[in-house]
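**Student:** got a predicted model here, sequence first, then my questions.
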Amino acid sequence: MAQTVSKERKIIVTVIAWSIGIALFFPIFWTILTSFKTEAEAIASPPSLFFFDWTTENYAEVQSRSNYFGHFMNSVVISLGSTLLGLLIAIPAAWAMAFSPTPRTKDVLMWMLSTKMLPPVGVLVPMYLIFRSVGLLDTRIGLVLVLTLINLPIIVWMLYTYFKEIPGEILEASRMDGASLMKEIIYVLTPMAVPGIASTLLLNIILAWNEAFWTLNLTASKAAPLTAFIASYSSPEGLFYAKLSAASTMAIAPILILGWFSQKQLVRGLTFGAVK
Amino acid sequence: MTLKIFMLGTCAAALLSGLAQAETLTIATVNNGDMIRMQKLTDDFTAKNPDIQLEWVTLEENILRQRVTTDIATKGGQYDVMTVGSYEVPIWAKQGWLLPLDNLGADYDAADLVPAVSSGLSQDGKLYAAPFYAESSMIMYRKDLFEKAGLTMPEAPNWDFIADAARKITDKSNEVYGICLRGKAGWGENMAFLTATANAFGARWFDEKWQPQFDQPEWKNALSFYVNLMKDAGPPGASSNGFNENLALFQTGKCGMWIDATVAASFVTNPKESTVPDKVGFALAPDAGLGKRGNWLWSWNLAIPAGTKKAEAAEKFVSWATSKAYLELVASKEGWANVPPGTRTSLYNNAEYQKAAPFAKMTLDSINAADPKNPSTKPVPYVGVQFVAIPEFQGLGTAVGQQFSAALAGQTTVDQALASAQQLSVREMTKAGYIK
């Protein structure tokens, strides 16, 4: 028997959902709004919501001072590169763990996750020395490698969860039909796990795009992505909030647009297997 | 034959173009007005030095500190010129991480550098960093509010007068607070202000044997005075206010007085940013009648890391950016008021600068009043007015700052905060080997 939901309850749930949504989006909205104010208006108290002299001078200043496109391209290469490389390693790893588990599989998964528990600054100096020795400081390839390794546990965990939902019998059937291991992964497993792989891909692009410890510490000028671009507008001695907001808006715009257009895919992937 | 000649020609051209390629200097710097201005004016340098190209890495102060420290400690060699604070220069020079600046050029005139500033950057008579701009701290106050309250600010006030004036000016119903002071925890935040203020009260971080002194009455006097004053006449939530938060409060007309970096003078008097540009007066940081003023000394300097392979070109750049000619260049392009202050004595003898910058004399007097080698009334084993120039100070200063910030927020008492500060300082200094 289908459960009926009362009208009042629907309204309450909708209001709560919208309130949470607005609260989560408000900082981004405020950043965008501040980017169109003058520095004086940015610190005005009480702040004005819409009734101020809108200006694009902050964007002009940011454009003239920084090489936005260079930082943007670095962000694209680093986030896409690290995610794709991560997937390439994680898909076979997650397959093995999901469909050929050993008594140690759970321990291996926990061990992988434990690498995320170390504060990154604890290994900054050794990493810096290794990067210096192999000539990877301030290079895109260096950051692709680091971000791949950092996000690999999350990618493996996510894919493992999705793969576990796929009935092993289907894979067995393909094996019976003579499919090799590679064919099984490419033609049988991957198409069925597309929503999961897509959401893993999107989530890791977002994580890599926003990563602001290694991308700031292992770069100088050539490979510096948009995180370094934002950091160059922050100052503890001087109120440059409007310019900082303009730089932040320019840095988050691409990923925000990507997230907006792929939200269906993202939600579908994240809730994959949650409801049976 | 033709192909052979073509190949040889191509190789020769490639080789020559490689040889003729300009040397590129990577310069790490902080994001503030004077540094950004320097970036805009680098055409002048590259025109004079066509074989040198400049690449800038501009960062927020704390990120810059973390990155350049990692790079210099590991001899990473990512930067050829670094912007380094006056806290780091003596420590890094002692470690051999910085190159001495021996070839700044015949017309550099190092004797013209403000002695209070250059002495902190020198070791064994050698300059290890060239000052780009220097600042001290001073009082910025609202002349209109003082007039309304029937008060006259002396040029060199004491703390009793300041506290009395702050309480009289405070009008909480109209959101006007008598005094705005730093409260946010951090060695460069509240501890810069409190260490300098404590000096005026006769307190010091350590005695001659590196024993922490937070259990002494001078610290109790200083901290109690600060906490009580802020409770009576400070803005709400002061324990999370740093330079920027107080700047915003002052610029929006909510502070009667603000004691902070002299660099703020150009912000609060700028009509584009401030709502009170023509109502601001300046005075020396207050004393407590013991002969020391609570004003600090800070400079941002250009230094060359020992790991660079382009030392000669880097020194050319440092010389250009900190020269007298650079000050004139800024004046010609942006006006005298925008010249980086505090580094050269000749600037303060310049009539045009004095006219354009009403805060010029106060800035120089404040810088000269600070003595990094004798910061307190009692002898100390360290160098630094608002900091202690030892590597452990960043961590220790921030930990003590957290205790004092908690006292300001009312989460702990002054006595408890001082006891905790003493305990953790003794522990850290023993661990670091200063206390035997």
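**Tutor:** Nice, I can see it. Numbering: from 1, shown residues only, chains lettered A, B, ... in the order given.
**Student:** neighbours of residue 167, how many?
**Tutor:** Looking at chain A here, since you left the chain open. A:Pro167 is flanked by 9 other residues according to other CB atoms under 10 Å in any protein chain shown. All C-beta atoms are positioned from the backbone trio N, CA, C, and that covers glycine.
**Student:** nope, chain B please
**Tutor:** Applying other CB under 10 Å, we find 15 residues neighbouring B:Arg167.
**Student:** ditto for the one 3 residues further on
**Tutor:** For B:Thr170, the number of neighbouring residues by other CB under 10 Å comes to 20.
**Student:** try A:Ser114
**Tutor:** 10.
**Student:** and it, how close does it get to chain B?
**Tutor:** 25 Å (CB to the nearest CB, to the nearest Å).
**Student:** A:Ser48 now?
**Tutor:** Applying CB to the nearest CB to A:Ser48 and chain B gives a distance of 13 Å.
**Student:** which strand or helix spans the nearest residue to that residue once chain neighbours are set aside?
**Tutor:** Leaving aside its chain neighbours, A:Ser48 sits nearest to A:Glu41 (6.6 Å; criterion: CB to CB, 6 or more residues apart in numbering or on different chains). Per DSSP states H and E: A:Glu41 is located in helix A:39-42.
**Student:** sorry, back to before: list the residues that contact the residue nearest to A:Ser48.
**Tutor:** For A:Glu41, the contact set (CB atoms under 8 Å, 6 or more residues apart in numbering or on different chains) comprises A:Ser48, A:Phe52, A:Asp53, A:Ala242.
**Student:** over to A:Leu239?
**Tutor:** Contacts for A:Leu239 (CB under 8 Å, 6+ apart) come out as A:Glu39, A:Ala42, A:Ile43, B:Asn244, B:Leu247, B:Ala248, B:Gln251, B:Phe267, B:Glu273.
**Student:** one more: B:Leu151?
**Tutor:** Counting by CB under 8 Å, 6+ apart, B:Leu151 touches B:Ala165, B:Lys168, B:Ile169.
**Student:** show me the contacts for the last one.
**Tutor:** So that's B:Ile169. Neighbour list for B:Ile169: B:Arg142, B:Leu145, B:Phe146, B:Ala149, B:Leu151, B:Val176, B:Gly178, B:Ala233, B:Gly256, B:Met257 [criterion: CB under 8 Å, 6+ apart].
**Student:** for A:Gln265, same thing?
**Tutor:** Contacts of A:Gln265 by CB under 8 Å, 6+ apart are A:Pro195, A:Ala198, A:Ser199, A:Leu202.
**Student:** gap between the helix or strand containing the second one and the chain center?
**Tutor:** Using DSSP H and E, A:Ala198 sits within helix A:194-210. Between the centre of helix A:194-210 and the centre of its host chain there is 6 Å, according to CA atoms, centre = their mean, to the nearest Å.
**Student:** again with stretch A:237-246
**Tutor:** Distance of stretch A:237-246 from its chain centroid, counting by CA atoms, centre = their mean, is 25 Å.
**Student:** endpoints of that stretch, how far apart?
**Tutor:** 18 Å (CA to CA, to the nearest Å).
**Student:** what about B:Ile27, distance to chain A?
**Tutor:** In this structure, B:Ile27 and chain A are 9 Å apart, going by CB to the nearest CB.
**Student:** what's the most distant pair in the contacts of A:Leu239?
**Tutor:** By the measure CB to CB, A:Ala42 and B:Phe267 form the most distant pair in the contacts of A:Leu239, at 13.4 Å.
**Student:** which residues of the stretch 151-300 of chain B lie near chain A?
**Tutor:** B:188, B:242-244, B:247-248, B:251-252, B:254, B:261, B:263, B:267, B:272-275 (CB under 8 Å from any CB of the partner chain).
**Student:** quick one: contacts for the residue of the stretch 1-150 of chain A found nearest chain B?
**Tutor:** As assessed by CB to the nearest CB, chain B sits closest to A:Ile43 within the stretch 1-150 of chain A, at 4.3 Å. A:Ile43 is in contact with A:Leu239, A:Tyr241, B:Ala248, B:Gln251, B:Thr252, counting by CB under 8 Å, 6+ apart.
**Student:** before we move on, what about A:Leu113?
**Tutor:** Listed by CB under 8 Å, 6+ apart, the contact partners of A:Leu113 are A:Pro153, A:Trp157.
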